[in-house]
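Peer 1: okay, here's the prediction I keep looking at, along with the sequence it came from:
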Amino acid sequence: MTSTTPIRIALVDDQKLFRGGLRMILSDNENFNVVFEAGNGKQFFERLAFEPVDVVILDVEMPIMDGIETLKLIKEKYPEVHVIMLTMHDNDRLINHLMQEGASGFLLKDENPEVVRTAVERVAQEGIYFRDYVSKALLKGGRQKSDSASYGGPEITERERQVLCLICQEFTSKEIAEKLFISARTVEGHRRSLQDKTGSRNIVGLVLYAVKNGIV
């Protein structure tokens, strides 16, 4: 019996069989609670009004109201809700666009079940989860925008830069603390300072800032 509050999850995909598969994958973890399922964005918001969730696993391609439109509205009305986008397509431009719109993670539909469970845990705890193809897409997009120009933003200390680089490499606060021989609370302090300096609302924004400005 776990003493932690289960992560409340919504599954949004127009394929019932796929949603059922996701539910089975997530039901193996007692820290997960699939609150509801929906076949499109419109159904999702109708349910969300009465059944709050922490994490949404959201398909990109759906009828009536697709994943991109749904993501934008979630970030506008429920910014505290984390969104993991699902798609069949490993497309750099799509990944960059979804992360710019506020997605906390991105998964292909043929991922290993353990990857899906890890993604939900990381997004709920740290606010972001990258697969290698996501990191490559962001770095590629960042290089194109920065054109290798020297960094000219607010002053970032060497320790903050170390923390930022490790965040961009998917390390959790606890793991960063262990690597830098500091406390997790100190890591959180550096992260808040970085967000304040860069004007980033969350970790996703912080990572995008780092990539665009050539810090990583």
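Peer 2: Looks like it arrived, so ask away.

Peer 1: where does this protein dip in pLDDT?
Peer 2: Across the chain, the ranges flagged by pLDDT under 70 are 1-3, 132-152, 216.

Peer 1: outline the domain layout of it.
Peer 2: 7-138, 149-212 (automatic domain parsing).

Peer 1: correct me if wrong: residue 31 contacts residue 121.
Peer 2: Yes: using CB atoms under 8 Å, residue 31 makes contact with residue 121 at a distance of 7.5 Å. C-betas here are computed from N, CA, C, even on glycine.

Peer 1: which residue of the two possesses the greater neighbour count?
Peer 2: residue 121 (17 against 14; other CB atoms under 10 Å).

Peer 1: for the more buried one, which residues are in contact?
Peer 2: 7, 31 (CB atoms under 8 Å, 6 or more residues apart in numbering).

Peer 1: from residue 198, how far off is it?
Peer 2: Applying CB to CB, to the nearest Å, the value for residue 121 to residue 198 is 26 Å.

Peer 1: and for residue 120?
Peer 2: The value you get for residue 120 to residue 198, if CB to CB is used, is 27 Å.

Peer 1: ok, back up a step: out of the domains of the chain, deepest packed?
Peer 2: domain 7-138 (a mean of 18; mean count of other CB atoms under 10 Å).

Peer 1: what's the helix or strand for residue 18?
Peer 2: Residue 18 is located in helix 16-27, with elements delineated by DSSP states H and E.

Peer 1: alpha carbons of the next helix or strand after that helix, as CSV, please.
Peer 2: Using DSSP H and E, the helix or strand that follows helix 16-27 in sequence is strand 32-38. The C-alpha atoms that make up strand 32-38 are tabulated as CSV, following Å, rounded to 0.1, in the frame of the first residue of the first chain:
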residue,chain,number,x,y,z
PHE,A,32,-1.4,5.6,-11.4
ASN,A,33,-5.2,6.2,-11.5
VAL,A,34,-6.7,6.5,-15.0
VAL,A,35,-9.6,8.8,-14.2
PHE,A,36,-11.3,8.8,-17.6
GLU,A,37,-10.9,8.3,-21.3
ALA,A,38,-12.0,10.4,-24.2
